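Visitor: fold the following, please.
(one chain, ligands or ions: 1)
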Amino acid sequence: MRAFVLRAAGGLDHTALVDAPDPGPPGPGQVRVALRAAALNQLDLFVVRGLPGSEYRYPHVLGADGAGVVDAVGDGVTGVGPGDPVMLNPGVSCHACEFCRAGEHSLCVRYQLLGEHLPGTLAELVVVPARNAAPLPPLEPALSWPEAAAFSLVTLTAWRMVVTRAQVKAGETVLVWGVGGGVSLAALRIAKLRGARVIATSSSDAKLAAARTLGADVTLNHRTQKVAAEVRALTSKRGVDVVVENVGRATWEDSVRVLAKGGRLVTCGATTGPMGVTDIRRLFWNHLTVMGSTMGNEAEYREIVRLLGIGELRPIVDRVYPLADARAAFERLERGEQWGKIAVEIDRETGSGKRET
Ligand SMILES: [Zn+2]
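Guide: Numbering: from 1, shown residues only. This next block holds a predicted model:
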């Protein structure tokens, strides 16, 4: 099968489109999916650069998000069958550890992600547990393959952050940093669904204008404006109830500073660096809560798929590349130019990745 792979650690120069071995038939409880599209995440860039402690078996197939058609099922699989269009939950859990048994699959002690610990979705075929394959909800107009591929990782991550962890309520004020990023964009939309007032930041005025069309109540350009001072003024010195973080070092101090009394800071990433400064006095005096979050559990995944099925949270696709140009897709992600998700289409028949849409 054709696959976009990493052949050695250390950057995009080590990626290539190659003929890789097929994954073989699905085992018990697994399905094999003929992928029609994949979507890129920051995670994929981290994998390409080399995550500490990771040991890949090269060539390593990249890509966490994907959608396609089930082409084979293993023993004991019910609920999906050959020919079914599905999208994939990229998080694979063991269903045996104490966290899995408590229903918290993204806390699994053996948690694995497609494209990081397991072969990924930038390929013609992938084998996954059947429970990771969700039938595409019927929508009008129908979900395109790139839209279906773009849904899972960022929507699940943002849902757990905003709803389960921070428990954003109607009328609360939420600050979302860097709204051009996939998780931040999903967090903006979910916070608006919850009835919150959202302050969104970006370094791009064009992205801020787009954020306003999605319901952002106030937008701040964090390159040209002092976010902490602006938030203080906007909230009559009170601060915000919730900050949604994935920037890390560059914003952490401000994220703590802008919280109102009783405020919650929820983070799922540290793109600019993992060491942030926390003024501990603010933490205790203001009764602040700092919470971490990664991906989401299966109940949360079912809930976001249900919402997609009633027309909410439909993914925004930035640009679609053929599989042959996957490297260009990664380069666009690296430059941070996108609004919405960057997707890659995979066409089995020609292998060129080209498909009329
Ligand atoms: Zn587990």
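Visitor: and the helix or strand of the chain with the lowest mean pLDDT, what's buried?
Guide: Least confident element among the helices and strands of the chain, by mean pLDDT, DSSP states H and E: helix 42-49 (a mean of 94). Buried positions in helix 42-49, judged by neighbour count with 16 or more other CB atoms under 10 Å: 42, 43, 44, 45, 47, 48. From N, CA and C alone the C-beta is placed, and that goes for glycine too.
Visitor: all strands for the stretch 151-300 of the chain, in order.
Guide: Under the criterion DSSP state E, counting those that start in this stretch, the stretch 151-300 of the chain contains strands at 173-176, 197-202, 218-221, 240-245, 259-267, 289-292.
Visitor: can you tell which of those is closest to residue 347?
Guide: In terms of CB to CB, the element of the strands of the stretch 151-300 of the chain nearest to residue 347 is strand 197-202, at 33.8 Å.
Visitor: list the contacts for the most centrally placed residue in the chain?
Guide: Centroid-nearest residue in the chain: residue 154, 2.3 Å away (criterion: CA atoms, centre = their mean). Neighbour list for residue 154: 41, 182, 183, 185, 186, 341 [criterion: CB atoms under 8 Å, 6 or more residues apart in numbering].
Visitor: equivalent analysis for residue 174, please.
Guide: Residue 174 makes contact with 162, 166, 168, 187, 191, 196-199, 240-244, according to CB under 8 Å, 6+ apart.
Visitor: output stretch 123-140 in PDB with nothing but the alpha carbons.
Guide: Output in PDB follows, covering the C-alpha atoms of stretch 123-140 (Å, rounded to 0.1, in the frame of the first residue of the first chain):
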ATOM      1  CA  ALA A 123      -1.900   5.300   4.200                       C
ATOM      2  CA  GLU A 124      -4.300   3.300   2.100                       C
ATOM      3  CA  LEU A 125      -5.100   0.900   4.900                       C
ATOM      4  CA  VAL A 126      -5.100   0.900   8.700                       C
ATOM      5  CA  VAL A 127      -6.200  -1.700  11.200                       C
ATOM      6  CA  VAL A 128      -7.900  -0.400  14.400                       C
ATOM      7  CA  PRO A 129     -10.100  -1.800  17.200                       C
ATOM      8  CA  ALA A 130     -13.700  -1.800  15.900                       C
ATOM      9  CA  ARG A 131     -14.700   0.400  18.900                       C
ATOM     10  CA  ASN A 132     -12.500   3.100  17.400                       C
ATOM     11  CA  ALA A 133     -14.500   3.200  14.200                       C
ATOM     12  CA  ALA A 134     -17.600   5.400  14.300                       C
ATOM     13  CA  PRO A 135     -20.100   5.200  11.500                       C
ATOM     14  CA  LEU A 136     -20.400   8.600   9.700                       C
ATOM     15  CA  PRO A 137     -23.500  10.400  10.800                       C
ATOM     16  CA  PRO A 138     -25.800  11.200   7.900                       C
ATOM     17  CA  LEU A 139     -25.800  14.900   7.200                       C
ATOM     18  CA  GLU A 140     -27.200  17.200   4.600                       C
END
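Visitor: distance of residue 185 relative to the ion?
Guide: From residue 185 across to the ion, the span is 29 Å (CB to the ion, to the nearest Å).
Visitor: doesn't residue 318 make contact with that residue?
Guide: No: the criterion here is CB atoms under 8 Å, and residue 185 misses it with residue 318 at 10.1 Å.
Visitor: confidence score at residue 166?
Guide: We have a pLDDT of 98 for residue 166.
Visitor: quick one, phi psi at it?
Guide: Backbone geometry at residue 166, expressed as degrees, to the nearest 10, gives phi -80, psi -20.
Visitor: and it, what does it touch?
Guide: Contacts of residue 166 (CB under 8 Å, 6+ apart): 174, 242, 244, 264, 266, 291.
Visitor: for this structure, list the residues in contact with the ion, please.
Guide: Those residues of the chain that sit near the ion, judged by CB under 5 Å from the ion, are 93, 94, 97, 100, 108.
Visitor: those residues in helices, which ones?
Guide: Judged by DSSP state H, the subset of the residues of the chain next to the ion located in helices is residue 100.
Visitor: in the residues of the chain next to the ion, find the pair that's most separated.
Guide: Farthest apart among the residues of the chain next to the ion by CB to CB are 93 and 97. That separation is 8.0 Å.
Visitor: more crowded one of the two?
Guide: residue 93 (24 against 16; other CB atoms under 10 Å).
Visitor: below-threshold pLDDT in the chain: ranges please.
Guide: 348-357 (pLDDT under 70).
Visitor: max-length helix in it?
Guide: Longest helix in the chain by number of residues, with DSSP H as the criterion: helix 145-159.
Visitor: show me how far that one is from its chain's centre.
Guide: On the basis of CA atoms, centre = their mean, to the nearest Å, helix 145-159 sits 6 Å off its chain's mean C-alpha point.
Visitor: got it, and stretch 165-173?
Guide: Its chain's C-alpha centre and that of stretch 165-173 lie 21 Å apart, by CA atoms, centre = their mean.
Visitor: kindly report the same for stretch 117-130.
Guide: 17 Å.
Visitor: so what sits against both of residue 93 and residue 97?
Guide: In contact with both residue 93 and residue 97: 108, 110, using CB under 8 Å, 6+ apart.
Visitor: so who does residue 48 touch?
Guide: Residue 48 sits next to 6, 11, 12, 14, 15, 62, 330 when contact means CB under 8 Å, 6+ apart.
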